[in-house]
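1. need a structure here:
(chains A, B, C and D)
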2 protein chains.
Amino acid sequence: MDIEQRTDQELADIFKVLSEPNRISILRILQHSNRELTCGEVSRQLNISPSTVSYHFKALRKAGLTNTRQMAQAKLLSINRETFQKYLPNFLDSL
Amino acid sequence: MDIEQRTDQELADIFKVLSEPNRISILRILQHSNRELTCGEVSRQLNISPSTVSYHFKALRKAGLTNTRQMAQAKLLSINRETFQKYLPNFLDSL
DNA sequence: AGCTTATTTCGATAAGTGTCGAATTAAAAA
DNA sequence: TTTTTAATTCGACACTTATCGAAATAAGCT
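-> Predicted coordinates:
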């Protein structure tokens, strides 16, 4: 419950979000394509159901690792570089 | 099953090990004290049972994040800096 | 308004995780 | 060899997670 513990918990939470291969894949695609992605696109590219992708999108966004922008019916996902800079500088480059 | 997926899985596995606050704490203590730690020491410092600490030690070691050295009845844990260099350069400094 | 397209939520489920105390094993000391 | 000390393994447990299909919701179109 002290400051150190809170920091460790915070860090661990970031890592937990990143501890799922599909989420790493999503970030890799985002990083390399350098454009925003929709739920449907990821669903087709990774061959997982839209509901599962939506679940991962939510987790990434909730952790502050991504941003979301509405575009017609779709929602466009992009990397939130500030968060990575804060917790894992250089990580995105390694993808 | 392709090369990219395997890499993502590998990375995710590293993150999974780090997604537990007690394990982060262990690494922080190791990093700051700059000396090896025993299971019992960590158990007392973090107030968790020896069996739980042993479980975390095993996870860290299995992921290649730490090294182990036998010393009398105890086992001394130290950081495996090569692995961090490979997957998360600069991370240890941020602890 | 009704239709289409995209995303999200809602069960349900199978698998995995962190924790403990008790029992076991390993190593050293007496 | 017995005793002590340290670490590990073994259930058991409550909790979380990733996944899906079906149903619900949201936003444009016609």
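2. Count the neighbours of the residue lying closest to A:Ala63 once chain neighbours are set aside for me.
-> Excluding its sequence neighbours, the residue lying closest to A:Ala63 (C-beta to C-beta, 6 or more residues apart in numbering or on different chains) is A:Val17, at 4.3 Å. The C-beta positions use only the backbone N, C-alpha and C, and glycine is treated the same way. Other residues within reach of A:Val17, judged by other C-beta atoms under 10 Å in any protein chain shown, total 19.
3. A:Val17: what's it in contact with?
-> A:23, A:59-60, A:62-63, A:65 (C-beta atoms under 8 Å, 6 or more residues apart in numbering or on different chains).
4. what does the model give the most centrally placed residue in chain A for pLDDT?
-> Nearest to the mean C-alpha position of chain A, by C-alpha atoms, centre = their mean, lies A:Leu60 at 3.7 Å. Predicted confidence (pLDDT) for A:Leu60: 98.
5. List the buried residues in the lengthiest helix in chain A.
-> In chain A, with assignment by DSSP state H, the single longest helix is helix A:3-17. Within helix A:3-17, the residues scored as buried using 16 or more other C-beta atoms under 10 Å in any protein chain shown are A:8, A:11-12, A:14-17.
6. Rebuild those as JSON lines, extending it with distance to A:Cys39 and pLDDT.
-> Below are these laid out as JSON lines (distance: C-beta to C-beta, whole Å; pLDDT from 0 to 100):
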{"residue": "A:Asp8", "distance to A:Cys39": "32", "pLDDT": "91"}
{"residue": "A:Leu11", "distance to A:Cys39": "28", "pLDDT": "93"}
{"residue": "A:Ala12", "distance to A:Cys39": "27", "pLDDT": "96"}
{"residue": "A:Ile14", "distance to A:Cys39": "22", "pLDDT": "96"}
{"residue": "A:Phe15", "distance to A:Cys39": "24", "pLDDT": "97"}
{"residue": "A:Lys16", "distance to A:Cys39": "21", "pLDDT": "97"}
{"residue": "A:Val17", "distance to A:Cys39": "17", "pLDDT": "98"}
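7. about what we covered before: quick one: work out the angle between the longest helix of chain A and helix B:3-17.
-> Relative orientation of helix A:3-17 versus helix B:3-17 (axes from the mean of the first three to the mean of the last three C-alpha atoms, to 10 degrees): 160 degrees.
8. Please put the alpha-carbon coordinates of helix A:3-17 into PDB.
-> What follows is helix A:3-17, C-alpha atoms only, in PDB (Å, rounded to 0.1, in the frame of the first residue of the first chain):
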ATOM      1  CA  ILE A   3       4.400   4.200  -2.900                       C
ATOM      2  CA  GLU A   4       6.700   1.500  -4.100                       C
ATOM      3  CA  GLN A   5       4.000  -1.100  -4.100                       C
ATOM      4  CA  ARG A   6       1.700   1.200  -6.000                       C
ATOM      5  CA  THR A   7       4.300   1.800  -8.700                       C
ATOM      6  CA  ASP A   8       5.000  -1.900  -8.900                       C
ATOM      7  CA  GLN A   9       1.300  -2.600  -9.300                       C
ATOM      8  CA  GLU A  10       1.000   0.100 -12.000                       C
ATOM      9  CA  LEU A  11       3.900  -1.400 -13.900                       C
ATOM     10  CA  ALA A  12       2.600  -4.900 -13.500                       C
ATOM     11  CA  ASP A  13      -0.800  -3.800 -14.900                       C
ATOM     12  CA  ILE A  14       0.900  -2.400 -18.000                       C
ATOM     13  CA  PHE A  15       2.800  -5.700 -18.500                       C
ATOM     14  CA  LYS A  16      -0.400  -7.700 -18.000                       C
ATOM     15  CA  VAL A  17      -2.000  -6.000 -20.900                       C
END
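9. Fine, thanks again, bye for now.
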